[in-house]
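Student: mind folding the following:
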Amino acid sequence: MENGFQIQLPKNHFLQKLVDYYFFIDIPVSQLVMKEEYVLPFPRLTFGYFFEHPFSVTNHSKNKSQTAEMIISRISTDKISVAPLTDRVKILGAHVKPFTLAYLTNKNVSELPWIINTKELFGKKAESFQKKIDTCGSTKEMFTEVEKIFQNTVLAKDLSQIEIVMETIEATRGSVSISFLADTVGVTSRTLRNYFYKYIGCSPKDYLQLVKLKQSVFQMKNDPSSLTSLSYDQNFADQAYFSNTIKNLTDQSPKKIRENLPDFRFLQF
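Tutor: Residues are numbered from 1 along each chain as shown. Next up is the predicted model:
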């Protein structure tokens, strides 16, 4: 446990390909370095239950705000910030693979709200889950209930093509063409784009940018190399193109992101 942050990997074999990890945090807001945090666009979905300590979530790209109590964040390149509305941060959640939502609903993911209210999407299942979590006596019990709700909600369907595409993107760290990805699973580039909107919720181009952003931020955090060296490591043509791409996605320069990374980030990295 670090900074009050506990994680657990999924135990169910099938869920291991859907869920990166479950997490739980319970700390006073006074321990946060930043009371409002800009969430870097991220190639993962995040489920979060905030107990009686909701957050305000603001989408600056859409100029909209809402209160988060039990939500799923969609993959997007929008500029989003979060801020606690009480004096405590208490969140039970999960970081899951980009195609996981497509296993949980038959709806077109791109047509769902930018912040998904789980009670509106899953109805009584979500309400029952909340009641069980509120009566749990330990973090271990809560992680068990999270695993159960995923198991009980997963739909039987074949998403092997989009999974192969995701694996190829991860293996190439986002440095791959859309036409190559389409050829990998034997479809046209147009069909692949349709798959992305239906199952991932964004375009292939946007998703590739998010993967490269994730790789870049991880390297900035763990490698003291210069930004010029880092830009070449991430297969950008030069540092200027690297800096412009990162700033367009985050509204922050790579230098500013690197300066802020030592601060406590309760949703990412």
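Student: contact partners of stretch 174-194?
Tutor: Residues outside stretch 174-194 that contact it (CB atoms under 8 Å, 6 or more residues apart in numbering): 161, 164-165, 168-169, 195, 203-205, 208-212, 215, 234-235. C-beta coordinates here come from the backbone N, C-alpha and C atoms, glycine included.
Student: any idea how far it is from the chain center?
Tutor: The chain centroid and the centroid of stretch 174-194 are separated by 22 Å under CA atoms, centre = their mean, to the nearest Å.
Student: from the contacts of stretch 174-194, list just the buried residues.
Tutor: Buried by 16 or more other CB atoms under 10 Å: 161, 165, 169, 195, 203-204, 208-212, 215, 234, out of the contacts of stretch 174-194.
Student: show me where this protein has strands.
Tutor: Secondary structure of the chain (DSSP state E): strands located at 5-8, 19-28, 37-39, 45-49, 55-59, 64-68, 70-73, 80-84, 88-96, 115-117.
Student: adding mean neighbour count and mean pLDDT, write the ones you listed out as a markdown table.
Tutor: Converted to a markdown table, the strands of the chain look like this (neighbours: other CB atoms under 10 Å; pLDDT from 0 to 100):
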| stretch | mean neighbour count | mean pLDDT |
| --- | --- | --- |
| strand 5-8 | 16 | 91 |
| strand 19-28 | 18 | 94 |
| strand 37-39 | 19 | 82 |
| strand 45-49 | 23 | 94 |
| strand 55-59 | 18 | 93 |
| strand 64-68 | 15 | 93 |
| strand 70-73 | 23 | 94 |
| strand 80-84 | 18 | 90 |
| strand 88-96 | 21 | 94 |
| strand 115-117 | 19 | 94 |
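Student: TSV for the ones you listed, including distance to Gln239?
Tutor: What follows is the strands of the chain, written out as TSV (distance: least, CB to CB, whole Å):
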stretch	distance to Gln239
strand 5-8	33
strand 19-28	30
strand 37-39	23
strand 45-49	30
strand 55-59	30
strand 64-68	34
strand 70-73	30
strand 80-84	26
strand 88-96	30
strand 115-117	34
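Student: of those strands, give the one that comes closest to Leu227.
Tutor: In terms of CB to CB, the element of those nearest to Leu227 is strand 37-39, at 19.6 Å.
Student: what packs against the closest one?
Tutor: Using 3 or more CB pairs under 8 Å, 6 or more residues apart in numbering; DSSP states H and E as the contact definition, the elements that strand 37-39 packs against are strand 80-84.
Student: the strand it packs on: partners in the sheet, and parallel or antiparallel?
Tutor: When pairing is defined by DSSP bridges, strand 80-84 lines up against strand 37-39 (antiparallel), strand 55-59 (antiparallel).
Student: okay if I get these as TSV plus distance to Val109?
Tutor: Output for those, formatted as TSV (distance: least, CB to CB, whole Å):
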stretch	distance to Val109
strand 37-39	19
strand 55-59	17
